[in-house]
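> Sequence first, predicted model second:
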Amino acid sequence: MTNKHETDDVPVPATLRKSLKNRHIQLIALGGAIGTGLFYGSSESISLAGPSILLAYLIGGLAIFMIVRALSEMSVEDPKAGAFSYYATRYWSKRAGFISGWNYWFNYILVSMVELAVVGSFVNYWFPAIPQWVSAAFFLVVITAANLLGVSKFGEFEFWFAIIKIVAVIAMILGGLVVLVMGVSTVSGVAPSFANWFTVGGGFLPNGLMSRTADGQWTGLLMALVVVMFSFGGTELIGITAGETENPRTTIPKATNDIIWRILVFYIGALGIIMAVVPWNTIDGESSPFVQIFDSVGVHAAAGILNFVCLTAVMSVYNSGLYANSRMLYSLAKQGNAPAYLGKLNGRGVPVAGVLTSAVITALAVVVVFLWPEFAFNYLMSIATIAGVINWTIIMITEMHFRRVVASGKGPGELAGLTGDDALAHLQFKLPFARVTPWVVLAFLALVVVLMCFSASYRIAVYAGVIWLAVLFVASQFLKRK
């Protein structure tokens, strides 16, 4: 099924260091679900579904939880760098590993590109004279340098970035609760109350499951699912860290299971309180809902505070993206799906070539954004959007292949030699209802793709995704013949 070099561990000292501690993994996983999409992008999803957006986050969150559970089932038994790409190669096929790895790498290049392109706007809030390209270059160099210092330094950076985001969300939740309990009057004239979910602007489900506006745009709960799903991008980073975690058998399950309460608190809790204080139909997207909740009661310093939080969130995304991409290139090189130089490590156990290659390509992509912003945001980000769905789909299919390999007696580690239900029973961290869950999640992801076709802004992502998959397939065929 695989070549020997694709599955063997690299001997010490030329190996990735298992330096990520439990607190690093917990905060990396937690921070991965909290980004600028929550602080600013949530206004778009609220406008589509009103208070029922809470239900959309619950449904989408359950799907993401199952995707990460599927990934973690494999990561606990076979913790390796490059997670999904390695597992797709090991348990499915070399082509699947090629497509999975390069798709994820390119996805994070584009996400990092956009984050670095907008970092200047946050810096300009305080220092308007600094050119945006200078800010982008500065943060690219700083984060790249941090990644070259070793995985423990990456973990420490991400730990504190996550702390800042978490504190900001908790402060907003507590502030909103004070407003609700004390009955503080707001500028909207609508008294703060959880009853506002059902009484303001058409009630809890103002636009139904799906409806069409006068200008031909589709709206409603189902359309909001599209926006919601991409808010959860980054949670799968748990799987990438497995190869450098001190004790993956205890750390990975805990971090994965905590995803559900994170979604409940940081998405559903935060947005629920926002819509109880600020009438949902007055959240227009011109400013963050997090700023609006404080502005509504006369606390105007919130904009500056949130600007700082978003600046750290942007740095966090690029930090995580560079880490994930360097490990993905390392894994691809070990599989024979990327140039061999990308599989080399320095004395600190860092795939330096992978870090620098990803940083250089990201820098070139940022230049494209500054020179042709309309092209970059309209087309390149469409590919990044659909790449997330492709990645999640591959994870679920790979998990099914993983279970077949385990049941056949060719599982990793302690599972080797065990067969059938006995082998599956020995899995340490099983995907719940594993016979049906992958199919349900795949059907849900297919629904998301269909819903994307109803939106002009997302329809192009579907077309781009088909082309992108074709490019990857042809590239894998070329590599196979070579």
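Great, that's in hand.

> And for residue 163, nearest residue in space, chain neighbours not counted?
residue 27 (6.7 Å; Cβ to Cβ, 6 or more residues apart in numbering). C-betas here are computed from N, CA, C, even on glycine.

> scratch that, residue 276
Leaving out its chain neighbours, the residue that sits closest to residue 276 by Cβ to Cβ, 6+ apart is residue 194, at 4.8 Å.

> Mind checking what secondary structure the one you found has?
Secondary structure state of residue 194, per DSSP: H, G, I helix; E, B strand; the rest coil, is coil.

> Next, it: phi, psi?
The phi/psi pair for residue 194 (degrees, to the nearest 10) reads phi -70, psi -20.

> Was I right to think it contacts residue 180?
Yes: taking contacts as Cβ atoms under 8 Å, residue 194 lies within contact range of residue 180: 7.3 Å.

> The two: which is more packed in?
A direct count of neighbours by other Cβ atoms under 10 Å for residue 194 and residue 180 places residue 180 higher, at 17 against 13.

> still on that earlier bit, the residue nearest to residue 163: what secondary structure?
Residue 27 falls in the helix class when you classify it by three-state DSSP.

> can you tell me how far it sits from residue 155?
From residue 27 over to residue 155 the distance is 8 Å, taken as Cβ to Cβ, to the nearest Å.

> rewinding a little: surely the residue nearest to residue 163 and residue 165 touch.
No: applying Cβ under 8 Å, one finds residue 27 not in contact with residue 165, separated by 9.6 Å.

> more neighbours, these two?
residue 165 (24 against 21).

> Tell me, how many residues neighbour the nearest residue to the more buried one once chain neighbours are set aside?
Leaving aside its chain neighbours, residue 165 sits nearest to residue 34 (4.6 Å; criterion: Cβ to Cβ, 6+ apart). By other Cβ under 10 Å, the residues close to residue 34 number 25.

> Do a quick rundown of the strands in the chain.
211-212, 218-219 (DSSP state E).

> show me the contacts for the residue nearest to residue 300 when sequence neighbours are not counted.
Closest residue to residue 300 apart from its sequence neighbours, by Cβ to Cβ, 6+ apart: residue 294 at 7.4 Å. Counting by Cβ atoms under 8 Å, 6 or more residues apart in numbering, residue 294 makes contact with 172, 175, 300-302.

> so can I have a markdown table of those residues showing pLDDT?
Compiled in a markdown table, the contacts of residue 294 are given as follows (pLDDT from 0 to 100):
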| residue | pLDDT |
| --- | --- |
| 172 | 84 |
| 175 | 85 |
| 300 | 73 |
| 301 | 78 |
| 302 | 76 |
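
> among those, which ones are buried?
Among those, those buried by neighbour count (16 or more other Cβ atoms under 10 Å) are 172, 175, 302.

> Closest to residue 112 out of those?
Minimum distance to residue 112 across those is 26.6 Å, recorded for residue 172 (Cβ to Cβ).

> so how far is residue 304 from the residue nearest to that closest one when sequence neighbours are not counted?
Leaving aside its sequence neighbours, residue 172 sits nearest to residue 290 (Cβ to Cβ, 6+ apart; 5.4 Å). Per Cβ to Cβ, residue 290 is found 12 Å from residue 304.

> Repeat that for residue 215.
Shown here: residue 215 relative to residue 304, a distance of 35 Å by Cβ to Cβ.

> neighbour count winner among the two?
The neighbour comparison of residue 215 against residue 304 (other Cβ under 10 Å) goes to residue 304, with 12 against 5.

> ok, the residue nearest to residue 165 - contacts?
162, 165-166, 169, 266, 313.

> same check, this time on residue 252
Contacts here follow Cβ under 8 Å, 6+ apart; on that basis residue 252 touches 25, 72, 75-76, 79, 238, 242, 245, 429.

> The same query, at a cut-off of 7 Å, please.
When contacts are counted by Cβ atoms under 7 Å, 6 or more residues apart in numbering, residue 252 touches 72, 75-76, 238, 242, 245.

> Need the per-residue pLDDT for residue 13.
Here the pLDDT value assigned to residue 13 is 36.

> scratch that, residue 7 is what I was asking about
Looking at residue 7, the pLDDT reads 40.

> farthest pair in the contacts of residue 294?
Greatest spacing in the contacts of residue 294, by Cβ to Cβ: 172 and 300 (14.8 Å).

> from the contacts of residue 252, which is closest to residue 128?
Out of the contacts of residue 252, the member with the shortest distance to residue 128 (by Cβ to Cβ) is residue 238, at 38.7 Å.

> ok, the closest one - how many residues close by?
Residue 238 has 27 neighbouring residues, counting by other Cβ under 10 Å.

> Please apply the same query to residue 280.
The tally of other residues near residue 280 (other Cβ under 10 Å) stands at 25.

> any idea how far it lies from residue 361?
40 Å.

> now residue 195
Residue 195 is 51 Å from residue 361, by Cβ to Cβ.

> Looking at those two, which is more packed in?
residue 361 (16 against 10).

> Chain neighbours aside, what residue packs nearest to that one?
In space, residue 361 is closest to residue 109, 5.7 Å off (Cβ to Cβ, 6+ apart).

> give me every residue that touches the one you found.
Applying Cβ under 7 Å, 6+ apart, the residues contacting residue 109 are 325, 358, 361-362, 365.

> which among those residues end up buried?
325, 358, 361-362, 365.

> which ones among those are found in helices?
325, 358, 361-362, 365 (DSSP state H).

> how about JSON lines for the residues you listed, with pLDDT added?
Below are those laid out as JSON lines (pLDDT from 0 to 100):
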{"residue": "325", "pLDDT": "89"}
{"residue": "358", "pLDDT": "93"}
{"residue": "361", "pLDDT": "92"}
{"residue": "362", "pLDDT": "90"}
{"residue": "365", "pLDDT": "83"}
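
> Pipe these into CSV and attach distance to residue 56 per row.
Below are these laid out as CSV (distance: Cβ to Cβ, whole Å):
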residue, distance to residue 56
325, 30
358, 33
361, 34
362, 31
365, 31
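
> Show me which pair in those residues is furthest apart.
Maximum distance among those (Cβ to Cβ): 11.9 Å, for 325 and 365.

> Could you list the low-confidence segments of the stretch 101-250 of the chain?
Within the stretch 101-250 of the chain, not a single segment meets pLDDT under 70.

> ok, now with 80
Applying pLDDT under 80 to the stretch 101-250 of the chain flags the ranges 114, 183-189, 230-231, 233-235, 239, 241-246.

> all helices for it, in order.
Assigned by DSSP state H, counting those that start in this stretch, the stretch 101-250 of the chain shows helices spanning 132-148, 151-182, 196-199, 221-231, 237-241, 248-257.

> in the second one, what counts as buried?
So the one you mean is helix 151-182. In terms of neighbour count (16+ other Cβ under 10 Å), helix 151-182 has its buried residues at 151-159, 161-162, 164-166, 168-169, 172-173, 175-176, 179-180.

> how far off helix 132-148 does that helix point, in degrees?
If you take axes from the mean of the first three to the mean of the last three Cα atoms, to 10 degrees, helix 151-182 sits at 120 degrees to helix 132-148.

> by contact count, what packs against helix 151-182?
helix 22-32, helix 132-148, helix 270-277, helix 289-295, helix 302-335 (3 or more Cβ pairs under 7 Å, 6 or more residues apart in numbering; DSSP states H and E).
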